[in-house]
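>>> Dropping the sequence and predicted coords here.
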Amino acid sequence: MNRFTTLTSKLVPLPVDNIDTDQIVPARFLKITDKAGLADALFADWRYDAAGNPKPDFVLNRPEMKGRQVLLVGDNFGCGSSREHAPWALVSWGFRAVISTSFADIFRNNALKNGLLPVVVDKQTLQQLFARCEQDPEATVTIDLAAQTLTLPDGRAVTFPIDGFSKTCLLNGVDEIGYVLSLLDRIEAYEAAHQK
Amino acid sequence: MTDRPRTLFEKIWDAHVVAQEPGGPAVLYIDLHLIHEVTSPQAFEGLRRRGLKVRRPDRTFATMDHGIPTYDRSLPILDELAAKQIETLERNCAENGITLFGIRQGADKQGIVHVIGPELGLTQPGMTIVCGDSHTATHGAFGALGFGIGTSEVEMVLATQCLLQRKPKTMNVRIDGTLKPGVTAKDIILALIAKYGVGVGTGYVFEYTGSAIRQLSMEGRMTICNMSIEGGSRAGMIAPDDTTFEWLAGREYAPKGEAWDRALAYWRTLPTDEGATYDAEITLDASTLEPMITYGTNPGMGMPITGRIPDPDTLSDPAQKTALQKALAYMDLKPNQPLLGHPIDVVFIGSCTNSRISDLREAAKILKGRKVKPGVRVLVVPGSTQVKRQAEREGLDKIFIEAGAEWREAGCSMCIAMNGDQLEPGQYAISTSNRNFEGRQGKGGRTLLASPLTAAASAVTGVVTDPRTLLAG
């Protein structure tokens, strides 16, 4: 897994609540047996017109957004399906963190397993960030995972929650499957004790 | 510790914790892992890179549902990508000794993963059940803990038969009262999400309790648990009772003889203890409900079918206001407009929410002796091959075909629109599925979620119709 320590980036603002996984990656792009090509599928139905041309007014298509690594979105991001193609596509495009007031549970788990950090802030902070992006599209934030801080464009730092295990895994690039495999004797003992 | 009163969820959780570091996630044992062709290939590839095989193929079952065609299965699959996913799953199952209910091998038991699990008796009370699909919540109807996982987690379960999980909070969803005629389980869950929103369950597991839930059939309970995820909850559960046990008895993978008696004794200990507490509670009165329909682009944008579409200008929260404006623009609907009488182009009866035999019987009850309105396309897609055969034994297929509907093979079909069954841009569909997101049933398509009764009634008239007007007696 990709490690995550600190990140300083400009923001890609998408002020929409309840962005579902069908918007992040429409289902027709799920017919793959690998992870290739998903950067182009990201937000495809909002990003391209019927002829497949980029819509100039959609935020990802603005030239200055290229290279930005932090997505700023409305509440309940990633609701809907369990498709891991959603974080795969976000990471393929170049995102390393998403800031919102809340994330759907399955999306959150999937994101953490792909080195994509979900950063939860309060409603007021989110509104201030959207407002700041309007005034100053070049505004930057800094995320420090070890300190669990998000430094806002005005220099103020807010803390964000993350459980200790996920934090350790992200900071060190820990392979979670490797960790559980190291507990195989415990799993076998459980199976024997519970006749499974 | 075991003396403390516990909820259904806590009992199942406690019985499956293999290991847990202080402050860390639990290593949770998984009793049943269901896989399908779309979210598993990358997981098997990961396993291969690690040089591992599936650890417990006996606890892993595979089917094909998401991307497969629902036309005559003897015809070649034209979509090369879908064909490759099908072949990949066949190869992965063969290499790892996994039982497959596919479209070639094991085809008599193929179907939507959340329909066949219960139908085959694989789904049982007290189990932990996962699948790379968010509607795994369906299995909670049996008093199991079922939830959807991503592909990395599929790989972890294939490799270890365990998952790393943080313990979610619990929410008592108490639904009392008796439903009025023409109002169904689907209307209960649509009303619940309309009342509390699509994020209410985030971080929680729902337990549905109350007299309305007790009165429901297993199919109705599955419909409700299925859409827990549309309320934000990864899992929805219902305590098992005699309705559950009667439904399960004799099914292929259900315990038999003495094993059944032992299992039954355990299952009877699962319901939430008197005095156990939940982290939160919400309620709904089923006796006041009407048939429900959605008008927007998330499942929380729903209303009684006789209602009028809300006006964004009356909403005080700016985010909600913007969301409703955006949704109505996409749907090309106006504030304060009724939906009754609105023309529709397509009716879809199917999906893991409403494709079981009872759903098809409900739809047939309306369509019997009637015709589909000319110009309206109606797809009836059974949830499993066994459901299809049962419906054909009962003559339901003839009712649908004579009415002018298409009678298809089992699969997810137009619920997720990966397989060519899809809406054209701008079309309106009444759908018995679970999601009305933008483009969900085809790019530019507009979905109105409703019950099988409402869908069938609207197929007859060609406009959004209150099913109670067509129900005899």
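In hand now; what should we look at? Residues are numbered from 1 along each chain as shown, chains lettered A, B, ... in the order given.
>>> and whichever strand in chain A runs longest, what other elements does it pack with?
Across chain A, the strand with the greatest residue count (assigned by DSSP state E) is strand A:6-14. Where contact means 3 or more Cβ pairs under 8 Å, 6 or more residues apart in numbering or on different chains; DSSP states H and E, strand A:6-14 is packed against strand A:70-73, strand A:97-100, helix A:123-135, strand A:140-144. Quick note: C-beta positions are derived from backbone N, CA and C, even for glycine.
>>> Show me the contact partners of it.
Contacts with strand A:6-14, where a contact means Cβ atoms under 8 Å, 6 or more residues apart in numbering or on different chains, come from A:59-60, A:65, A:68-74, A:95-97, A:99, A:117, A:129-130, A:133-134, A:137-146.
>>> about what we covered before: which of the helices and strands packed on strand A:6-14 sits closest to residue B:331?
Residue B:331 sits nearest to strand A:70-73 of all the helices and strands packed on strand A:6-14, at 21.9 Å, using Cβ to Cβ.
>>> List the buried residues in the closest one.
Residues A:70-73 are the ones in strand A:70-73 that count as buried (16 or more other Cβ atoms under 10 Å in any protein chain shown).
>>> now check it, is it near chain B?
No - applying Cβ under 8 Å from any Cβ of the partner chain, one finds strand A:70-73 separated from chain B by no less than 11.3 Å.
>>> returning to that earlier point: buried sites along the longest strand of chain A?
A:7, A:9-14.
>>> In PyMOL, select just the buried ones from the contacts of strand A:6-14.
Command for PyMOL, covering only those of those found buried under the criterion 16+ other Cβ under 10 Å:
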select buried, chain A and resi 59+60+65+68+69+70+71+72+73+74+95+96+97+99+117+129+130+133+139+141+142+143+145
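>>> Using the three-state scheme, assign the residue nearest to residue A:116 when sequence neighbours are not counted.
Among residues not flanking residue A:116 along the chain, residue A:87 sits closest, at 4.9 Å (Cβ to Cβ, 6 or more residues apart in numbering or on different chains). When classified by DSSP: H, G, I helix; E, B strand; the rest coil, residue A:87 comes out as helix.
>>> go on, residue B:316?
Going by three-state DSSP: residue B:316 is coil.
>>> tell me the angle the helix or strand bottoming out on mean pLDDT in chain B makes with helix A:123-135.
Lowest on mean pLDDT, DSSP states H and E among the helices and strands of chain B sits helix B:318-331, with a mean of 94. Interaxial angle of helix B:318-331 relative to helix A:123-135 (axes from the mean of the first three to the mean of the last three Cα atoms, to 10 degrees): 60 degrees.
>>> Quick check: chain neighbours aside, which residue is closest to residue B:130?
Nearest residue to residue B:130, sequence neighbours excluded (Cβ to Cβ, 6+ apart): residue B:149, at 5.0 Å.
>>> now check whichever helix or strand residue A:167 is part of, is it near chain B?
Using DSSP states H and E, residue A:167 sits within helix A:164-172. Yes - residues of helix A:164-172 contacting chain B under Cβ under 8 Å from any Cβ: A:164-165.
>>> Please compute how far that helix lies from its chain's middle.
Computed by Cα atoms, centre = their mean, to the nearest Å, the chain-centroid distance of helix A:164-172 equals 15 Å.
>>> quick one: contacts of it?
Contacts of helix A:164-172 (Cβ under 8 Å, 6+ apart): A:1, A:3-5, A:112, A:115, A:117, A:145-146, A:148, A:162, A:174, A:176, B:21, B:23-25, B:164.
>>> Close to chain A: what parts of the stretch 151-300 of chain B are there?
For the stretch 151-300 of chain B, the residues in contact with chain A (Cβ under 8 Å from any Cβ) are B:151-153, B:155-156, B:159-162, B:164, B:166, B:168, B:198-199, B:202-203, B:229, B:232, B:234, B:298.
>>> still on that earlier bit, other residues contacting the least confident helix or strand of chain B?
Helix B:318-331 has contacts (Cβ under 8 Å, 6+ apart) with A:15-18, A:74-75, B:295-298, B:301, B:309-310, B:312-313, B:315, B:334-335, B:438, B:446.
>>> related to what we said a few turns ago, report the buried members of the contacts of helix A:164-172.
Buried among the contacts of helix A:164-172 by 16+ other Cβ under 10 Å: A:1, A:4, A:112, A:115, A:117, A:145, A:162, A:176, B:24-25, B:164.
>>> Run through the bridge partners of residue A:20.
Beta bridges link residue A:20 to residue A:79 when assigned by DSSP bridges.
>>> dump the residue contacts of it.
Contacts of residue A:20 by Cβ under 8 Å, 6+ apart are A:78-81, B:298, B:435, B:437.
>>> ok, those residues vs residue A:24, which is closest?
residue A:78 (6.9 Å).
>>> Now do the SS call for the closest residue to that closest one other than its chain neighbours.
What sits nearest to residue A:78 in space, not counting adjacent residues and going by Cβ to Cβ, 6+ apart, is residue A:107, at 2.7 Å. Here residue A:107 is helix, with the state taken from three-state DSSP.
>>> Make sure I have this right: residue B:454 is in a helix.
Yes - applying three-state DSSP, one finds residue B:454 inside a helix.
>>> Settle this for me: residue A:97 is touching residue A:144, isn't it.
No - counting by Cβ atoms under 8 Å, no contact exists between residue A:97 and residue A:144, whose distance comes to 11.2 Å.
>>> Tell me how many other residues surround the closest residue to residue B:461 other than its chain neighbours.
Among residues not flanking residue B:461 along the chain, residue B:373 sits closest, at 6.0 Å (Cβ to Cβ, 6+ apart). Using other Cβ atoms under 10 Å in any protein chain shown, residue B:373 has 18 neighbouring residues.
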